[in-house]
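Enquirer: Sequence and computational prediction follow.
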Amino acid sequence: MNRTVSVIMPAFNEGRCIYDNIRLTCEILAEAGITAEIVAVDDGSSDNTLAEIERAAQALENVRAVRNPYNIGKGMALRSGFEHSTGEIVVFLDADLDLHPSQIQTLLAVLEEGLYDIVVTSKHHPQSQLDYPLSRKIASWIYFIFIKTLFNLPVRDTQTGLKVFRRKVLEDVFHRLLVKKFAYDIELLAAAVRFGYRVKEVPVILNFKRELKWGRIRFPDVMSLFIDTLAIFYRLRILHYYDMKRPPLPVRFPKVLVAIRGCPPSEDVVKRLTFEGNVRIACLSKTGGFGEETGEILFFHGEESLRNWLKTQGSEVEIVGLLSSECLPLGNWVKNAVRNFQDPGVNAVCGPVIPGPFSTFLERIAGMVFPTLLTRGTDTRLYSYKPMRMTGKGLSDNIFLRASLFQEKQAGANSLSWVNSFVYDRNTAGKMRYDPDVAVSKPVPPLFFPYMRMVFHMAYREGFFFFGRYGSGNRFWEAFPMVMALLIFVGWLTLPTDLYGGIIALYLCMIIVAGLFTFSLSSAPPVMLGILCDHAARAAGFTAGMLARVKERMFATDHADIRG
């Protein structure tokens, strides 16, 4: 085989065997005469997986270590590995080697025949040899019938962890995908078939090695897979989301300056931005100077200093990215943003700020509560993965602007408008695109009091600017908790009993449904309680903010009367 091959091995808590599995894969490929690189991806393991991968990278040729900062999901791990790979042919291989790497040669031979673009292994192929628990065989057949009904794909098994792709397939499809976890296989194959790529199914030899018959799969994971699959069908058949065309990566990568609000940036942030190439890093801090340089990082005393530097010394900078010091970019953050600027009608690009990572149970629950429709309203797209669209609002924690627009906006901006969100006037300054691939993660304080304190301050600002020029398009949901509090505490005196009881019952049903959608007996009750606490804090903060605004205007009126 003349073409280079990249084997991507996603790993989570495989420290006991990952080194030996990488070494075995290298040996088998070398014996077969296959020129290959191994890209092993640690998906935020809590054991020594990363150390073992790095040991393999030092001891073995053509082994590359990649790390996700925390456990994002297998789909995202594969994508991270692909972004660090170079091969014309890309192989997905589970790091536990339930699927022996000796089978790679067979798949590559089928691909080299030239009739197909994708070759997948299938547990349902009549020639497959399976050492596999009966319960998982039954579950696999049920899912196959479900998938066949929805998508009618030319394969009987989408979930087996050994697949081979021509690189062009992944370049065309990967950046369109939204699923980061278990349903990524079906989304990838469904989108690829949609674009006309040809898929071949071959038999597999599978030796299931997990001590537990379900491996790491839990009931919430099964339900998440089911819901994600329905969401893929909705995007594919109804929204036609995957048909959206994105500009390719530019031939000439523009000069990008990423300004981090707060110093110093974490080591993970610096590594990720440095990896992406033509990117300079700047810090906006209270102690920074006028473009003072320390190593690879520029330091500025606030946005005004940065704006002046761009005008006098940074004329070569074409795009400015804003990132909170608490945020960690996911994937090729800069490259995914830059490709959008190929469209001359796009002057700004924003993405979601995903809650995470979580180290405690209460942090995980807070991460479930924070981005829901009941707590964020229409702004939920700013905190979770949603389809790409043009928008009028993005978070200043995660936004890119053309340098000229950044100078124009920052020059006349009220500083308060940059505290939590950036409200963008698309009518006068072009358009902003929301891209789920331009994602960062940000920790959320744990329930209950730290989380409620954060929500109170956010709601205070929303209440303060509710009737002002910096108000958002989310006004109904911002006022919703305050309205519900009034109904609960005042409505029982003024509303008919049946009407009052119906309103309260409907409100509680909404919260219960939100909790049940966690599909976890341990998570549902605290999520329900968390939503109630969120609404209580938002109602108090929103009311306090509105009263503060009224007080400010009253005093301003009084002073005007005195001056008159």
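Expert: All right, it came through fine. Numbering: from 1, shown residues only.
Enquirer: Now do the helices for the stretch 151-300 of the chain: every range, in order, please.
Expert: Ranges of helices within the stretch 151-300 of the chain are 167-173, 184-194, 219-233, 267-275, based on DSSP state H, counting those that start in this stretch.
Enquirer: just the stretch 1-150 of the chain next, same as before
Expert: With DSSP H, counting those that start in this stretch applied, the stretch 1-150 of the chain shows helices at 18-31, 49-59, 74-83, 104-112, 134-151, listed in chain order.
Enquirer: Could you work out which of those helices reaches nearest to residue 466?
Expert: helix 74-83 (37.0 Å; C-beta to C-beta). Backbone N, C-alpha and C define where each C-beta goes, glycine included.
Enquirer: Look through this protein and tell me its longest helix.
Expert: Secondary structure assigned by DSSP state H gives helix 524-563 as the longest helix of the chain.
Enquirer: Among the helices of the stretch 1-150 of the chain, show me which one is buried the most.
Expert: helix 74-83 (a mean of 24; mean count of other C-beta atoms under 10 Å).
Enquirer: contact partners of that one?
Expert: The contact list for helix 74-83 (C-beta atoms under 8 Å, 6 or more residues apart in numbering) reads 6, 8-12, 39-41, 43, 66, 68, 90, 92, 170, 174, 177, 179-185, 187-188, 330-332.
Enquirer: quick check: angle from that helix to helix 267-275?
Expert: 40 degrees (axes from the mean of the first three to the mean of the last three C-alpha atoms, to 10 degrees).
Enquirer: Give me the distance between helix 74-83 and the centre of its chain.
Expert: Computed by C-alpha atoms, centre = their mean, to the nearest Å, the chain-centroid distance of helix 74-83 equals 12 Å.
Enquirer: how much does that helix deviate in direction from helix 184-194?
Expert: 60 degrees.
Enquirer: Now distance to residue 402 and mean pLDDT too, for the helices of the stretch 1-150 of the chain, in a markdown table please.
Expert: A markdown table is the format used below for those (distance: least, C-beta to C-beta, whole Å; pLDDT from 0 to 100):
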| stretch | distance to residue 402 | mean pLDDT |
| --- | --- | --- |
| helix 18-31 | 43 | 94 |
| helix 49-59 | 37 | 94 |
| helix 74-83 | 24 | 88 |
| helix 104-112 | 42 | 92 |
| helix 134-151 | 40 | 79 |
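Enquirer: Ok, which of these comes nearest residue 278?
Expert: Taking those one by one with C-beta to C-beta, helix 74-83 is closest: 15.9 Å.
Enquirer: in the chain, what secondary structure element scores lowest on mean pLDDT?
Expert: Sorting the helices and strands of the chain by mean pLDDT, DSSP states H and E puts helix 426-429 at the bottom, at a mean of 46.
Enquirer: Just the mean pLDDT for the helix or strand hosting residue 374, thanks.
Expert: Element membership for residue 374 (DSSP states H and E) is helix 373-376. The average pLDDT for helix 373-376 rounds to 91.
Enquirer: Pull the residues that contact that helix.
Expert: So helix 373-376 is contacted by 369-370, 380, 382-383, 474, 477, 510-511, 514, 531, 534-535, 538 (C-beta under 8 Å, 6+ apart).
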